[in-house]
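Student: Below: sequence and its predicted model.
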Amino acid sequence: MKKIKLIVSPLNHKILFQTPAGIMNEREYLVWLENQLLEIRESIKNQNKSESQIKIKQKELLKEIETINIVSGK
């Protein structure tokens, strides 16, 4: 996880968040954080899809190997 620094604004004493995307107020930070979480969820979903597709391909290949073995008599 990326490091976030808290900064207190010297002008109005509000808390600002220094993120990899820049310095943000609380509302901007929460939106940015929510987007980060959505990206992580999407990444996990895509990874799970890829794993499922790999398993399906493995099953298909195993069936082909079994068919070849039956045809070749092994």
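Tutor: Noted; the coordinates are in hand. Numbering: from 1, shown residues only.

Student: and N12, what helix or strand is that in?
Tutor: Per DSSP states H and E: N12 is located in neither a helix nor a strand.

Student: Phi and psi next, for it.
Tutor: phi -120, psi 10 (degrees, to the nearest 10).

Student: next one: L16
Tutor: phi -120, psi 160.

Student: so the residue lying closest to it once chain neighbours are set aside, which of the three states?
Tutor: Computed as C-beta to C-beta, 6 or more residues apart in numbering, the closest residue to L16 that is not its neighbour in sequence is I7, at 4.4 Å. All C-beta atoms are positioned from the backbone trio N, CA, C, and that covers glycine. The assignment at I7 comes out as strand when based on DSSP: H, G, I helix; E, B strand; the rest coil.

Student: which residues touch I7?
Tutor: With contact set as C-beta atoms under 8 Å, 6 or more residues apart in numbering, I7 has these partners: I15, L16, F17, Q18, I23.

Student: Please check those residues and keep the buried ones.
Tutor: Among those, those classed as buried by 16 or more other C-beta atoms under 10 Å are L16, F17.

Student: Narrow the contacts of I7 to those in strands?
Tutor: Using DSSP state E, the members of the contacts of I7 that fall within strands are I15, L16, F17, Q18, I23.

Student: Would you mind putting those residues into CSV with pLDDT and distance to I56 alongside?
Tutor: Formatted as CSV, those follow (pLDDT from 0 to 100; distance: C-beta to C-beta, whole Å):
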residue, pLDDT, distance to I56
I15, 91, 49
L16, 93, 48
F17, 92, 43
Q18, 93, 45
I23, 93, 46
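
Student: how close does V31 sit to I40?
Tutor: In this view, V31 and I40 are 15 Å apart by C-beta to C-beta, to the nearest Å.
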